[in-house]
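>>> sharing a model prediction with you, sequence too.
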Amino acid sequence: EAQVTQNPRYLITVTGKKLTVTCSQNMNHEYMSWYRQDPGLGLRQIYYSMNVEVTDKGDVPEGYKVSRKEKRNFPLILESPSPNQTSLYFCASSLARGKGADTQYFGPGTRLTVL
Amino acid sequence: AQKVTQAQTEISVVEKEDVTLDCVYETRDTTYYLFWYKQPPSGELVFLIRRNSFDEQNEISGRYSWNFQKSTSSFNFTITASQVVDSAVYFCALSTSGTYKYIFGTGTRLKVLA
């Protein structure tokens, strides 16, 4: 089954404790992206990756890191989480046949709470 | 700058009513792509439609239809004969050929009452 998976689905942590949210897709998609969803703000793009070793900032990259060492995986790293990073996070992937052309498919979401 | 505006924060309708969700976008690019996604109460994001800037034909899929008007920079979504299962948050999104970024609107929460 074609899918985007995220782990963990739920996470409660404390300020400053480094964490990683994993994202994996089995569709051989070149493009992968991370979003956060907050009430009243919709989805905002954090980082995206056009292919292995190619990443770029979205609209809200502060406090986050990413890496793309393999095509299927795109982990999101919070090196020193703060309470304002409490949010619902989505990973997405798509083909990259043209800039911005392709439909993104989303993972199930990770609900993160930073105390 | 690119922007997507969904001015309707929440809409409530009674089952079987028709409802239109508005989406207004801003971009200077001539080639761009518009999307609608549905987020039901279970939380996942479900793709509904993708439209490119060169195709202004309206589209109908069952009870769903989309009206794309470049003249008013709008990409509105109509649900005909709404059902309780249509209750969800609906997001409109924009991506352009000049960037790999996707811009989402703030979403419209639709409540369909039985």
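Great, that's in hand.

>>> going by C-alpha atoms from here, please, whenever you check contacts or count neighbours.
Noted.

>>> strands paired with the strand with the most length in chain A, and their directions?
Across chain A, the longest stretch assigned as strand under DSSP state E is strand A:42-51. According to DSSP bridges, strand A:42-51 forms sheet pairs with strand A:31-38 (antiparallel), strand A:54-57 (antiparallel).

>>> export the ones you listed to CSV and tack on mean neighbour count and mean pLDDT?
Output for the strands paired with strand A:42-51, formatted as CSV (neighbours: other CA atoms under 10 Å in any protein chain shown; pLDDT from 0 to 100):
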stretch, mean neighbour count, mean pLDDT
strand A:31-38, 24, 96
strand A:54-57, 16, 93
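
>>> okay if I get these as TSV plus distance to residue A:96?
Formatted as TSV, these follow (distance: least, CA to CA, whole Å):
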stretch	distance to residue A:96
strand A:31-38	6
strand A:54-57	13
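
>>> which other residues reach the longest strand of chain A?
A:30-37, A:55-61, A:64, A:66, A:68, A:71, A:96, B:91, B:100-107 (CA atoms under 8 Å, 6 or more residues apart in numbering or on different chains).

>>> ok, the closest residue to residue A:9 other than its chain neighbours - contacts?
Once flanking residues are discounted, residue A:9 sits nearest to residue A:110: 4.3 Å by CA to CA, 6 or more residues apart in numbering or on different chains. Residues near residue A:110 by CA under 8 Å, 6+ apart: A:6-11, A:21, A:88-90.

>>> residue A:110 bridge partners, please.
Assessed by DSSP bridges, residue A:110 has beta-bridge partners residue A:89.

>>> and the gap between it and residue B:81?
34 Å (CA to CA, to the nearest Å).

>>> now residue A:92: closest residue in space, sequence neighbours ignored.
residue A:106 (4.2 Å).

>>> burial of the one you found, as a residue count?
24 (other CA atoms under 10 Å in any protein chain shown).

>>> what sits against it?
Residue A:106 makes contacts with A:4, A:90-93, B:44-46, as judged by CA under 8 Å, 6+ apart.

>>> now with 10 Å?
A:3-6, A:25, A:32-35, A:90-94, B:44-47 (CA atoms under 10 Å, 6 or more residues apart in numbering or on different chains).

>>> what do you get for residue A:23?
Counting by CA under 10 Å, 6+ apart, residue A:23 has contacts A:4-8, A:32-34, A:72-76, A:90-93, A:107, A:109.

>>> so which of those residues belong to strands?
A:4-7, A:32-34, A:76, A:90-93.

>>> how about those in JSON lines, adding distance to residue B:96?
Shown next, in JSON lines, are those (distance: CA to CA, whole Å):
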{"residue": "A:4", "distance to residue B:96": "23"}
{"residue": "A:5", "distance to residue B:96": "26"}
{"residue": "A:6", "distance to residue B:96": "27"}
{"residue": "A:7", "distance to residue B:96": "30"}
{"residue": "A:32", "distance to residue B:96": "16"}
{"residue": "A:33", "distance to residue B:96": "16"}
{"residue": "A:34", "distance to residue B:96": "18"}
{"residue": "A:76", "distance to residue B:96": "24"}
{"residue": "A:90", "distance to residue B:96": "21"}
{"residue": "A:91", "distance to residue B:96": "20"}
{"residue": "A:92", "distance to residue B:96": "17"}
{"residue": "A:93", "distance to residue B:96": "17"}
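
>>> tell me the buried residues in stretch A:65-77?
By neighbour count on 16 or more other CA atoms under 10 Å in any protein chain shown, the buried set for stretch A:65-77 is A:65-68, A:71-77.

>>> same question for stretch B:106-114.
B:106-113.

>>> which residue sits closest to the residue in chain A that chain B sits nearest to, ignoring its sequence neighbours?
Nearest to chain B, among the residues of chain A, is residue A:42, at 3.8 Å (CA to the nearest CA). Nearest residue to residue A:42 in three dimensions, chain neighbours excluded: residue B:106, at 3.8 Å (CA to CA, 6+ apart).

>>> okay then, goodbye and thanks.
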